[in-house]
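Student: Structure for the following, please:
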Amino acid sequence: NAEQILLKLVSAEQSALVTELKYYAFNEVSVAGHDVVLARTGYTGEDGFELFIPNGAASSLWAAISDAGEGLGLIPCGLACRDSLRLEAGMPLYGNELSLQVTPFEAGLGPVVSFKKE
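Tutor: Modelled structure (predicted):
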């Protein structure tokens, strides 16, 4: 319900910037009165968004998002939850599952490696 929650926080004029945003793309949008860079780049395998804002605006924006998500299933979660979703989706994080010392095959991610590229 991420899109539905965000639509409660943007103006009607900017709603298309949310609904038409492609995966791995971003737009500059005003969310709950805050200028944000809104990206559809979440790496949990879910259809969600990341909002990039100045640190000082985080608390106020989080409160607005929490209020808008009430009744729509929004549940705050920590990094462990994010990591379990990310791993289930086969989306490794450099520095966790992958590094210069750990190859995708050693991390158990061989099935997601393409040999069709040069």
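Student: And the residue nearest to the spatial centre of the chain, how far from N96?
Tutor: Centroid check for the chain by Cα atoms, centre = their mean gives G42 as the closest residue, at 2.7 Å. From G42 across to N96, the span is 16 Å (Cβ to Cβ, to the nearest Å). Backbone N, C-alpha and C define where each C-beta goes, glycine included.
Student: buried set for the helix-or-strand element of the chain with minimal mean pLDDT?
Tutor: Lowest on mean pLDDT, DSSP states H and E among the helices and strands of the chain sits helix 79-88, with a mean of 80. Under the neighbour-count criterion of 16 or more other Cβ atoms under 10 Å, helix 79-88 has 85-87 buried.
Student: Helices of this structure, start to end?
Tutor: Along the chain, counting by DSSP state H, helices occupy 2-7, 15-19, 58-69, 79-88.
Student: Just put the ones you listed in a markdown table and tack on distance to V102.
Tutor: Formatted as a markdown table, the helices of the chain follow (distance: least, Cβ to Cβ, whole Å):
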| stretch | distance to V102 |
| --- | --- |
| helix 2-7 | 31 |
| helix 15-19 | 37 |
| helix 58-69 | 32 |
| helix 79-88 | 14 |
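Student: T103: which of those helices is closest?
Tutor: Nearest of the helices of the chain to T103, taken as Cβ to Cβ: helix 79-88 at 16.6 Å.
Student: got the CA coordinates for that closest one in PDB?
Tutor: Only the C-alpha atoms of helix 79-88 are listed here, as PDB (Å, rounded to 0.1, in the frame of the first residue of the first chain):
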ATOM      1  CA  LEU A  79      17.000  -3.500   9.200                       C
ATOM      2  CA  ALA A  80      16.600  -7.200  10.000                       C
ATOM      3  CA  CYS A  81      13.100  -7.200   8.400                       C
ATOM      4  CA  ARG A  82      14.500  -5.400   5.400                       C
ATOM      5  CA  ASP A  83      17.400  -7.800   5.100                       C
ATOM      6  CA  SER A  84      15.200 -10.900   5.200                       C
ATOM      7  CA  LEU A  85      13.000  -9.500   2.400                       C
ATOM      8  CA  ARG A  86      16.000  -8.500   0.400                       C
ATOM      9  CA  LEU A  87      17.600 -12.000   0.700                       C
ATOM     10  CA  GLU A  88      14.300 -13.700  -0.200                       C
END
